[in-house]
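the sequence isn't on hand, but the structure is:
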């Protein structure tokens, strides 16, 4: 509707598509033929590759990726396709986290030969997807300190970055990058703890405290699946506050904040 594309808008859209493609493949045997699950798995995975080509490989006014800054994997924040102009060239952690999350999930399709990726023939070779994923992971971890993640948004964004780094840690193409992902995840978790109050409330979050508690707890738990990362205790503190102070039994959902 805005006519402007951001890394987040592209990444979340196609991440959803990749998730659907995996689900279609996992249920080929029970889905009705009129749903065309095999075609849908192909189409969604192909669309994800088209998005990558346009934004990271060959699109944009210079033909080197509409959302990248030249040869770098550093991302601009907004691009207008209609006239080929960069609206906002600032690199922001939340956009990098979203793109890293998406690329890591797409890489699992590419490297493991999922039906939707190999049929039809891939637009982007699996080795190139791995290269892009590794490049985005390296750039993101080197570009933003955990403090940068908070200062550019709020502590809620630490949860998104933790989730992205957790997925990347399972998909990194080298032991060095896996080790770097582990270190970065632990540094992000340490930043969470500096904002954690004694009652389990995470300070300096977004407008919706319940969302802040949930997103960051989820990120901590996913990151704790990596070898050398274990912050389940901190996640439990966040969830204790979420369910203890913010759950509204009458409404059947969480309040945005204490007393709301």
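The structure has been received and is ready for your questions. What you see is a predicted model, and the numbers here were worked out from it, not measured in a lab. Numbering: from 1, shown residues only.

in which helix or strand does the nearest residue to residue 8 once chain neighbours are set aside reside?
Nearest residue to residue 8 in three dimensions, chain neighbours excluded: residue 98, at 4.3 Å (Cβ to Cβ, 6 or more residues apart in numbering). From N, CA and C alone the C-beta is placed, and that goes for glycine too. Per DSSP states H and E: residue 98 is located in helix 93-112.

residue 43 and residue 4, how far apart?
Distance of residue 43 to residue 4, computed by Cβ to Cβ, to the nearest Å: 25 Å.

what sits against the residue sitting nearest the centre point of the chain?
With distances taken as Cα atoms, centre = their mean, residue 101 lies nearest the centre of the chain, 2.9 Å away. By Cβ atoms under 8 Å, 6 or more residues apart in numbering, the contact set of residue 101 is 11, 15, 160, 163-164, 167-168.

now do 6 Å
By Cβ atoms under 6 Å, 6 or more residues apart in numbering, residue 101 lies in contact with 164, 167.

and the pLDDT for it?
Listed pLDDT for residue 101 reads 98.

ok so, going back, and the helix holding residue 98, how far out from the chain's middle?
Relative to its parent chain, helix 93-112 has a centroid offset of 6 Å by Cα atoms, centre = their mean, to the nearest Å.

now do the buried residues in it.
Neighbour counts over helix 93-112 (16 or more other Cβ atoms under 10 Å) mark 93-111 as buried.

and if you look at stretch 53-64?
Buried positions in stretch 53-64, judged by neighbour count with 16+ other Cβ under 10 Å: 53-57, 59-60.
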